[in-house]
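Participant: starting from these lines, generate the structure:
(one chain, ligands or ions: 1)
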Amino acid sequence: MNSDSDLQIAGDILEVPHLLQAPREHPATVAEFAGLAREIAADRSQWVHLVRYDATTRWYHRLRTGPGYEVWLLSWVPGQGSGLHDHGPSSGVLTVLDGTLTERTARGTRALRAGAQRVFAPGYAHDVLNDTLEPAVSLHIYYPGLTRMPMHSQQCSAAVPRDAEAGAAPAV
Ligand SMILES: [Fe+2]
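Facilitator: Sure, this is the predicted structure:
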């Protein structure tokens, strides 16, 4: 019994199948996208064998796609960063799988340790980097899939886009 509510189910719940929705195959809400990221994070067998560390560039791999969304796996060796950017019309969920990343925005700096999640709306600008001495791995879900990743001037805290890339590879 739920002590926070007077609502109780009377009778046999199995007799009301028309009220029971089948689980969705694909996420459709912010909570479901964040949940998908947590599920993938918790099941290392889905991604750990795919991770590569590349000292010359941030490595990325498209882990899966679904209706309107993409899931990317990224690795970051110490010192690698995205630069200040936004995600065009895409919203996203960033989840740290291993290591620690630092996120810088016009509002401040935060450390994102393994398990941390950031949900962002279209137009949100940030600079993400690995400023630790250990490699890091992160998971990124974009909805819709990332098609633009305008880079911003690092000098300007107001984060004015300085260019726009079509078909951008994921920065974060
Ligand atoms: Fe990003």
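
Participant: ranking helices and strands of this protein by mean pLDDT, which lands last?
Facilitator: The weakest-scoring helix or strand in the chain, judged by mean pLDDT, DSSP states H and E, is strand 161-163 (a mean of 39).

Participant: now do the buried residues in stretch 19-35.
Facilitator: By neighbour count with 16 or more other Cβ atoms under 10 Å, stretch 19-35 contains the buried residues 27, 33-34. C-beta here means a position set from N, CA and C on the backbone, and glycine is covered the same way.

Participant: how far does it stretch from start to finish?
Facilitator: 23 Å (Cα to Cα, to the nearest Å).

Participant: and the contacts of that stretch?
Facilitator: 13, 36, 66-67, 69, 91, 93, 95, 117, 119, 141, 143 (Cβ atoms under 8 Å, 6 or more residues apart in numbering).

Participant: let's see 6 Å
Facilitator: Residues outside stretch 19-35 that contact it (Cβ atoms under 6 Å, 6 or more residues apart in numbering) are 36, 66-67, 93, 117, 119, 141.

Participant: pull out the buried members of those.
Facilitator: Buried among the contacts of stretch 19-35 by 16+ other Cβ under 10 Å: 36, 66, 93, 119, 141.

Participant: between these, which sits nearest Arg110?
Facilitator: When the buried ones among the contacts of stretch 19-35 are ranked by distance to Arg110 (Cβ to Cβ), Val119 comes first, at 13.6 Å.

Participant: which residues are in contact with the closest one?
Facilitator: Taking Cβ under 6 Å, 6+ apart as the test, what Val119 contacts is 30, 93.

Participant: mind listing what the strand or helix carrying it pairs with, with the direction of each?
Facilitator: According to DSSP states H and E, Val119 maps onto strand 117-120. Sheet pairing for strand 117-120, assigned by DSSP bridges, gives strand 91-98 (antiparallel).

Participant: so how far is the helix or strand just after the strand it pairs with off the chain centroid?
Facilitator: Counting by DSSP H and E, the next helix or strand C-terminal to strand 91-98 is strand 100-105. Its chain's C-alpha centre and that of strand 100-105 lie 13 Å apart, by Cα atoms, centre = their mean, to the nearest Å.

Participant: who are the neighbours of strand 100-105, in terms of helices and strands?
Facilitator: Applying 3 or more Cβ pairs under 6 Å, 6 or more residues apart in numbering; DSSP states H and E, one finds that strand 100-105 contacts strand 108-113, strand 127-129.

Participant: show me what the helix or strand just after the shortest one packs onto, helices and strands only.
Facilitator: So that's strand 127-129. Scanning forward in sequence from strand 127-129 by DSSP H and E, the next helix or strand is strand 136-143. Helices and strands touching strand 136-143, by 3+ Cβ pairs under 6 Å, 6+ apart, are helix 30-42, strand 69-76, strand 91-98.
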